[in-house]
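> prediction below, plus the sequence it came from.
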Amino acid sequence: MPKLSIITINFNNLKGLKRTVESVVNQTWKDFEYIIVDGGSTDGSAEYIEKQNTDIDYWISESDKGIYHAMNKGIAKATGEYLLFLNSGDHLNDSSVLKKNYVHLKDKEIVCFNIKEVRDNSISIKKCPIEITFEYMVKDSIPHQSTFIRKSLFEKIGLYDQQLKIVSDWKFFIIALGKYNATYLYVDDDFSTFYIGGISSHIDNYQKMLKEKEFVISSDFSIFRDETKEYFRLKEIVYNLRKSSKINWLIKFGLLNEF
């Protein structure tokens, strides 16, 4: 059994796929299997994957039902003790990042590293908290692109919820940590890079994301339903204010703190 399974999903993103694959196959530490699930791309992605066949342990190119269906396909094929979801366009920061950090894959069920977030021309580093709280998970999440998940956790909790379109990975984490008390480790090291622009980060999907999160809390953590419903309502108000640029005026004159 390999220590790690790296899973990449892709659909018509050949440029991003190349960046991801190159960062994986050039790693100096090799005790992992590499799985690519392509959604039936028509942009040359399948042909590219086939050419990299010697560096890929399993790949498939066929239509699917969306991001989380594709990720679940990857989980079903994975044989590693830990799973890392490095989707098309994401990449590992350098060729030795696995060699430096595989030692942390020991007994914890979730192991989180820092991630570099790139938006247009700006770069920021997102760090996970040393200790995870329910409040943090309601307001934020931990990035799957730099987080290792013990495969047995999926066997305990179940796969990603394919009914959700944006926040199923967040749902998995908040349930794992909030209901199943999954063990967690934060490692303060920059691990991977994520280019903001995917479905969960697109501004047009922001309100849908809030509604999906509210639905998950209401369904799985009903004791906190009223508190979190108010929180998500306020988030939506601020979102709409930002769209109209009114929030800057409110903050300037001390009528509203940044939310």
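Done, it's in. Owing to the predicted nature of the structure, the values given are computational and were not obtained by experimental measurement.

> shaky segments in the stretch 101-250 of the chain?
Across the stretch 101-250 of the chain, residues meeting the criterion (pLDDT under 70) sit at 197-204, 222-250.

> now do the strands in it.
With strands called from DSSP state E, counting those that start in this stretch, the stretch 101-250 of the chain shows them at 110-119, 122-126, 147-150, 184-195.

> dump the residue contacts of the nearest residue to Tyr184 once chain neighbours are set aside.
Excluding its sequence neighbours, the residue lying closest to Tyr184 (CB to CB, 6 or more residues apart in numbering) is Ile110, at 4.8 Å. C-betas here are computed from N, CA, C, even on glycine. Shown here is Ile110, whose contacts under the criterion CB atoms under 8 Å, 6 or more residues apart in numbering are 142, 147-150, 153, 173, 176-177, 182-185.

> just the buried ones from these?
Ile142, Thr147, Phe148, Ile149, Arg150, Leu153, Phe173, Ala176, Leu177, Ala182, Tyr184, Leu185 (16 or more other CB atoms under 10 Å).

> pretty sure the fourth one contacts Cys112?
Going back to what we said before, that points to Ile149. No - contact status for Ile149 versus Cys112: not in contact, 9.7 Å apart, counting by CB atoms under 8 Å.

> export the strands of the stretch 101-250 of the chain to CSV and tack on distance to Tyr68?
Converted to CSV, the strands of the stretch 101-250 of the chain look like this (distance: least, CB to CB, whole Å):
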stretch, distance to Tyr68
strand 110-119, 18
strand 122-126, 22
strand 147-150, 14
strand 184-195, 17
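
> nearest to Pro2, of the ones you listed?
Shortest separation from Pro2 across the strands of the stretch 101-250 of the chain is recorded for strand 147-150, at 12.8 Å, computed as CB to CB.

> just checking, what packs against that closest one?
Contact analysis of strand 147-150 by 3 or more CB pairs under 8 Å, 6 or more residues apart in numbering; DSSP states H and E lists strand 82-85, strand 110-119 as its packing neighbours.

> show me what contacts Ile174?
Going by CB under 8 Å, 6+ apart, the list of residues near Ile174 reads Phe134, Met137, Val138, Ser141, Val216, Asp220, Phe221.

> any idea how far the second one lies from Glu47?
Meaning Met137. If you measure Met137 against Glu47 using CB to CB, to the nearest Å, the figure is 40 Å.

> what of the third one?
Spatial separation of Val138 from Glu47 under the definition CB to CB is 43 Å.

> which of these two has more neighbours?
Taking Val138 and Glu47 together and counting by other CB atoms under 10 Å, Val138 has the greater number of neighbours (21 against 11).

> wait, doesn't the more buried one sit right on Asp220?
No - Val138 is not in contact with Asp220 according to CB under 8 Å; the separation is 11.9 Å.

> sorry, back to before: any idea which of the strands of the stretch 101-250 of the chain is most buried?
Per-stretch averages of neighbours, counted by mean count of other CB atoms under 10 Å, single out strand 147-150 among these, with a mean of 24.
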